[in-house]
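K.L.:
predicted model and sequence follow; I will ask about them next.
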Amino acid sequence: MKKLLFAIAVLCALLACVCNPVSAAQEPEESIEELYEILPPDAYAVLDGKLTCDGTAGELVGVESLLSYLVTAAKDGFAAMGGQILRIVGVTLLSVLCSLFSRGMNSEKTAELCERAVGLFGALAFFGIFYGSLSGAIGWCADLSSFSRGIAPILGGLLLFGGNTGTATAGATAFSAFLFVAEEIASGFLMQLIAVLFALTLVGCFGKRNLTEGLFSFVRTVYLTLLSLLCTLLGASLGLQGMLASSADTLAARTAKFALGNLVPVVGGTVSATLGTAAASVSVIKSTVGIGAVVTVLVLTLPQLISLWYLRMCFSLCGSLAGMLGCAEITRQMKEFRALFDLLMATVAILSILFLFLVTLLAKSAVAFA
């Protein structure tokens, strides 16, 4: 008997030497505090003190709240873009007057040269207005990337708390891919793409309009198609991997609960029931964090989208005005700048919808210990 006790003591000592000490100092409730730390200033003003686990967080995504976000974004967007809209109207009217003046010249070659100069002036002036929106969209991508980098470990930790190890791995992979796409767009790809398309617009000012218009449309269509396909594949991959991983995690957790409740005497049933209660708590906290992430993306995205829409609508109206006055060159430029705004709006919308899908899928995954 003494030899057996000695052997057990030696075995425990060896295990203590080779095992790493671990602790669980962090509680699931601390995830909400971590979320507050990574919120952008605009989102923090909306969410401050409202992310609680007693159900009040649901009011943040109610119909009244969503309409409030939309109205606020519309007001802020108009206030920010009011000066830009006046500049678009002014440049359009000046370009139209110069174009009509050049047509009254006696020399046909001089009139054609003046009209091309007017087109070049209009393109450069319009791009100066457009550049502010382009910088805003790139900054939005950078902000979304920073927020994604902060929310990913929070959701991953909550999944691990609930026993969803496979789902946490799949979610980490999906967020890594999303961060790669968003950061590549923000770090220079979108700027380079816009530079190529604007170069085609400038080339069109000197003739060959049919060729440049076709190439312009082709490049823009290819970009939007590839971005949509990539985001669709990423969302589908997480959905399928998460479904399989969640099933495997639930099977493993229920097996462990059954073994714990039936094989461990006296305390096994109590511990098993405690795990079920903890799982419900983790589920509520995970949903609260998911609501906070959704509201944050809405607060970041709605002003950006509405501002882009304001300017796009102004370009469209001014293009129609130029067409009514017979200025085909200004109308063509307005059409191409409107397409550039469509490209920015599609980029912002696709990335934001994909982010919301990833967050919702991870936040609503069933807790394995439940």
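P.N.:
In hand now; what should we look at?
K.L.:
can you list the weak-confidence ranges in the stretch 51-200 of the chain?
P.N.:
Low-confidence segments of the stretch 51-200 of the chain (pLDDT under 70): 53-56, 103-106, 108, 111, 162-163.
K.L.:
quick test: name the residue nearest the centre of the chain.
P.N.:
For the chain, the residue sitting closest to the mean C-alpha position, by Cα atoms, centre = their mean, is Ser352 at 3.1 Å.
K.L.:
and the closest residue in space to that one that isn't next to it in sequence, how many neighbours?
P.N.:
Using Cβ to Cβ, 6 or more residues apart in numbering and skipping residues adjacent in sequence, the residue nearest Ser352 is Thr301, 4.5 Å away. For the C-beta atoms, the positions are set from N, CA and C on the backbone; glycine is no exception. By the criterion of other Cβ atoms under 10 Å, Thr301 has 22 neighbours.
K.L.:
so Thr301 versus Gly49, what's the distance?
P.N.:
23 Å (Cβ to Cβ, to the nearest Å).
K.L.:
and for Leu202?
P.N.:
52 Å.
K.L.:
what about these two, which has more around it?
P.N.:
Using other Cβ under 10 Å, the more surrounded residue of Leu202 and Gly49 is Leu202, with 15 against 7.
K.L.:
elements contacting the one helix or strand that one maps to?
P.N.:
Element membership of Leu202, judged by DSSP states H and E, is helix 190-204. Applying 3 or more Cβ pairs under 8 Å, 6 or more residues apart in numbering; DSSP states H and E, one finds that helix 190-204 makes contact with helix 108-161, helix 209-263, helix 328-363.
K.L.:
and after the second one, which helix or strand comes next?
P.N.:
Translated: helix 209-263. helix 268-324.
K.L.:
wait, what's in contact with the residue nearest to Ser352?
P.N.:
Trp140, Val348, Ala349, Ser352 (Cβ atoms under 8 Å, 6 or more residues apart in numbering).
K.L.:
now swap in Lys335 and tell me
P.N.:
Gly319.
K.L.:
just to revisit the earlier point, and the residue nearest to Ser352, what pLDDT?
P.N.:
Predicted confidence (pLDDT) at Thr301: the value is 89.
K.L.:
again with Arg254
P.N.:
So, for Arg254, pLDDT stands at 60.
K.L.:
do the one 3 residues further on as well
P.N.:
The per-residue pLDDT reported for Lys257 equals 56.
K.L.:
then Met313?
P.N.:
Met313 is given a pLDDT of 90.
K.L.:
what's the answer for Leu351, then?
P.N.:
pLDDT at Leu351 comes out at 90.
K.L.:
Gln241 too?
P.N.:
In this model, Gln241 carries a pLDDT of 70.
K.L.:
please name the nearest non-neighbouring residue to it.
P.N.:
Once chain neighbours are set aside, the closest to Gln241 by Cβ to Cβ, 6+ apart is Ala170, at 4.0 Å.
K.L.:
how far away is Tyr131 from Ala349?
P.N.:
21 Å.
K.L.:
same question for Cys114.
P.N.:
40 Å.
K.L.:
cool, and Leu229?
P.N.:
Distance from Leu229 to Ala349, by Cβ to Cβ: 15 Å.
K.L.:
comparing Cys114 and Ala349, which shows the higher neighbour count?
P.N.:
Cys114 (17 against 14).
K.L.:
element containing the closest residue to that one other than its chain neighbours?
P.N.:
In this structure, Cys114 finds its nearest non-sequential neighbour in Ser102, 3.5 Å apart by Cβ to Cβ, 6+ apart. Using DSSP H and E, Ser102 sits in helix 63-103.
K.L.:
so that helix versus helix 328-363, what angle?
P.N.:
Here helix 63-103 points in a direction 160 degrees away from that of helix 328-363 (axes from the mean of the first three to the mean of the last three Cα atoms, to 10 degrees).
K.L.:
just checking, what packs against helix 63-103?
P.N.:
helix 108-161, helix 268-324, helix 328-363.
K.L.:
out of those, flag the one nearest Val222.
P.N.:
When the helices and strands packed on helix 63-103 are compared by Cβ to Cβ, helix 328-363 sits nearest Val222, at 11.3 Å.
K.L.:
now do the closest one: distance to the chain's middle.
P.N.:
11 Å (Cα atoms, centre = their mean, to the nearest Å).
K.L.:
ditto for stretch 133-144
P.N.:
Distance, centroid of stretch 133-144 to centroid of chain: 10 Å (Cα atoms, centre = their mean).
K.L.:
next: stretch 86-102.
P.N.:
Taking mean C-alpha positions (Cα atoms, centre = their mean), stretch 86-102 and its chain are 37 Å apart.
K.L.:
also stretch 321-334?
P.N.:
That offset, for stretch 321-334, works out to 35 Å (Cα atoms, centre = their mean).
K.L.:
just stretch 293-306 next, same as before
P.N.:
Using Cα atoms, centre = their mean, the offset of stretch 293-306 from its chain centre is 9 Å.
K.L.:
pretty sure Phe78 contacts Leu311?
P.N.:
No - judged on Cβ atoms under 8 Å, Phe78 makes no contact with Leu311 at a distance of 10.9 Å.
K.L.:
these two: who's more crowded?
P.N.:
The neighbour comparison of Phe78 against Leu311 (other Cβ under 10 Å) goes to Leu311, with 22 against 13.
K.L.:
from Arg338, how far off is the more buried one?
P.N.:
Separation of Leu311 from Arg338 (Cβ to Cβ) stands at 9 Å.
K.L.:
buried residues in stretch 51-71?
P.N.:
Leu51, Ala57, Leu60, Ser65, Tyr69 (16 or more other Cβ atoms under 10 Å).
K.L.:
stretch 185-193 now?
P.N.:
Ile185, Ala186, Leu190, Leu193.
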